[in-house]
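> model this:
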Amino acid sequence: MTMQTLIIATILSLLLSGGAGGCRTKNLNVPPRQSQSSSGQKASPVESENQNSGNLKVIAQGFHSTITEPFVAVIRDKDTYAELMKLDPKLPNGDIDFKTNVVVAAFLGQRNTGGYTVEIAQSANGEIRVSETAPGKDVMLPQMITAPFKIVSVPIEGTAPISISTSDAFKQSAQLYRIDKGSFTISGGFAGRTETYPLTGKLQVTRLGNLITVGFAVVGSGTTRERLLRDVATGVITDNSFAISRMSRGSLVDPPTGDLRVTGKFVETNRLTLDLDTGGAIVPDGYQGKGTIEAQMVAAKAN
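Prediction:
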């Protein structure tokens with residue numbers, strides 16, 4: 001064998017073995033085959049290796065959640081996250097500090113093929129955008145039932161409100177309620193003043209198992225200053241009632257004051273009542289607030 005022939009044979013051998021700069025196939029948005037245990041159960045979902053997307057840290061993502069209906073959760077406490085894990089026990093427990101982080105979990109529901117993913121991104125103004133990415137028309141896809149999901153943590157100071165926009169794929173089971181009766185009372189401060197004002201606005205409600213996510217767009221009227229509550233929070237349902245243990249108070253109450261706790265109850269099939277409470281004043285001359293809301297369902301699906 002001549003020296004030239006030997007060199008050509010060596011180069012071909014390296015290329016075929018993938019070494020010395022050999023090309024690697026790129027992932028064309030096709031979900032990888034999940035490994036299975038000897039019992040036939042799918043392996044745990046893919047957990048991020050401390051990857052960050054801007055301010056968002058990916059806790060888990062995958063294509064085969066046992067949660068098969070569209071749902072978005074905004075979680076501020078470990079007990080509510082534990083309830084989410086009951087719906088999908090394969091979710092990672094995670095080392096989440098809920099004092100400085102909020103968890104946003106998005107489940108797309110079932111799809112008949114692979115190629116679908118959940119995207120969660122944060123815009124420059126802080127809004128969290130949750131959307132579905134669908135495969136292209138000419139992409140070859142594995143013919144399997146999938147249920148894509150993604151869970152991220154969002155760093156936050158205190159209990160600042162969370163602004164979320166979702167694509168239509170996540171609104172299929174959302175219900176819109178309009179507030180027809182509501183009031184809120186503030187008390188405390190150096191002068192010990194009291195102020196009561198009516199509440200108007202709407203609520204967007206989504207239920208999944210024993211979890212409920214409520215989007216608040218609440219406005220106080222006839223007040224000396226702007227009173228708003230715009231936040232999204234997930235709570236736990238017990239029988240026909242539910243509780244959100246911690247969420248933003250917005251500007252319903254003057255600072256300093258505690259976090260807002262909400263308890264709710266479904267009345268008949270199309271009405272909802274809520275009690276709002278910040279608890280007692282957390283410092284001398286601080287403020288506290290309490291209120292009630294009654295709302296009527298106006299649409300089976302939110303627009």
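> and Arg249, how many neighbours does it have?
A count of nearby residues for Arg249, using other C-beta atoms under 10 Å, gives 22. C-betas here are computed from N, CA, C, even on glycine.
> any idea how far it lies from Val130?
According to C-beta to C-beta, to the nearest Å, Arg249 and Val130 sit 24 Å apart.
> Leu91 too?
Leu91 is 17 Å from Val130, where distance means C-beta to C-beta.
> then Met144?
The gap separating Met144 from Val130 is 24 Å, by C-beta to C-beta.
> for Ala73, same thing?
Distance, Ala73 to Val130, using C-beta to C-beta: 11 Å.
> mind listing the shared neighbours of the two?
By C-beta atoms under 8 Å, 6 or more residues apart in numbering, Ala73 and Val130 have these common neighbours: Val104, Ala106.
> which of those two has more neighbours?
Counted by other C-beta under 10 Å, Ala73 and Val130 do not tie: Ala73 has more neighbours, with 25 against 21.
> and Ala281, what element?
Secondary structure from DSSP states H and E places Ala281 outside every helix and strand.
> domain map for this protein?
52-166, 175-299 (automatic domain parsing).
> quick one, what contacts Glu226?
Applying C-beta under 8 Å, 6+ apart to Glu226 gives the contacts Gly220, Ser251.
> how does it look with 10 Å?
Val219, Gly220, Gly250, Ser251 (C-beta atoms under 10 Å, 6 or more residues apart in numbering).
> type out the ChimeraX command that picks the buried ones from those.
To isolate the buried members of these in ChimeraX, using 16 or more other C-beta atoms under 10 Å:
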select :219,220,250,251
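> which stretches of the stretch 51-200 of the chain form strands?
Using DSSP state E, counting those that start in this stretch, the strands found in the stretch 51-200 of the chain span residues 52-53, 56-62, 71-75, 101-107, 117-122, 128-133, 149-155, 164-166, 175-188, 193-208.
> so the nearest residue to Ser183 once chain neighbours are set aside versus Leu252, what's the distance?
For Ser183, ignoring the flanking residues on the chain, the nearest one in space by C-beta to C-beta, 6 or more residues apart in numbering is Pro198 at 5.4 Å. Pro198 sits 12 Å away from Leu252, going by C-beta to C-beta.
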